[in-house]
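> Okay, structure incoming, though there's no sequence with it:
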């Protein structure tokens, strides 16, 4: 009887653990989408006012996206050095979005920040995708296969 209860508790814990990782993956994909939207905004031809309005929205979301990344990346990325480097990269990108916004608002252009963002967003997006894909594969290995 005790053995059966332990087995039930174990499987419940495993299911809860997998659900948490799935949530972390989904949240990191949300950050990835945010970054891709920023990149699209920077490269899109539009009026200065339209770009400024979009950038304001991205700036409002920046701190929440950083918090989402920090909370969920910790659950998936096990290499502490890599995790710290990715957090630093994201933070620098978010700061660059603010600088880009200020330059666009004052001068109407910002080639330096635009180059920085176009250079640094794709590698970060690729790494987010890579670590999420690794976690999905690991999750599939941990999940017992149903036999019919």
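That came in fine, so what should we check first? Since the structure is predicted, the reported quantities are computational estimates derived from the model, not experimental observations.
> wait, what's in contact with residue 97?
Taking Cβ atoms under 8 Å, 6 or more residues apart in numbering as the contact definition, residue 97 lies against 38, 55, 58, 59, 62, 117. For the C-beta atoms, the positions are set from N, CA and C on the backbone; glycine is no exception.
> nearest to residue 69, of the residues you listed?
For those, the closest approach to residue 69 (Cβ to Cβ) belongs to residue 62, at 10.6 Å.
> Go ahead and confirm that closest one touches residue 92.
No: at 11.9 Å, residue 62 does not count as touching residue 92 under the criterion of Cβ atoms under 8 Å.
> More neighbours: those two, which one.
Ranked by neighbour count (other Cβ atoms under 10 Å), residue 62 and residue 92 place residue 62 first, with 19 against 14.
> Any figure for the gap between the more buried one and residue 136?
The spacing between residue 62 and residue 136, counted by Cβ to Cβ, to the nearest Å, is 27 Å.
> Residue 58 and residue 50, how far apart?
Residue 58 is 13 Å from residue 50, by Cβ to Cβ.
> Tell me which of the two has more neighbours.
Shown here are residue 58 and residue 50; by other Cβ under 10 Å, residue 58 has more neighbours (20 against 12).
> which helices and strands sit right next to whichever helix or strand the more buried one is part of?
Using DSSP states H and E, residue 58 sits within helix 48-76. Helix 48-76 is packed against helix 2-43, helix 80-107, helix 111-142, with contacts defined by 3 or more Cβ pairs under 8 Å, 6 or more residues apart in numbering; DSSP states H and E.
> Go through that helix and flag the buried ones.
By neighbour count with 16 or more other Cβ atoms under 10 Å, helix 48-76 contains the buried residues 51, 54-55, 58-59, 61-62, 65-66, 68-69, 72-73, 75-76.
> Poorly predicted segments of this structure, please.
1-21, 144-148 (pLDDT under 70).
> Now stretch 125-133: buried residues?
When burial is assessed from 16+ other Cβ under 10 Å, stretch 125-133 yields the following buried residues: 125, 127, 128, 131, 132.
> Touching, the second one and residue 86? I think so.
Yes: in this structure residue 127 lies within contact range of residue 86 using Cβ under 8 Å: 6.1 Å.
> Need the contact partners of stretch 48-65.
Contacts to stretch 48-65, defined as Cβ under 8 Å, 6+ apart, come from residues 30-31, 34, 37-38, 41, 44, 46, 90, 94, 97-98, 100-101, 104-105, 108.
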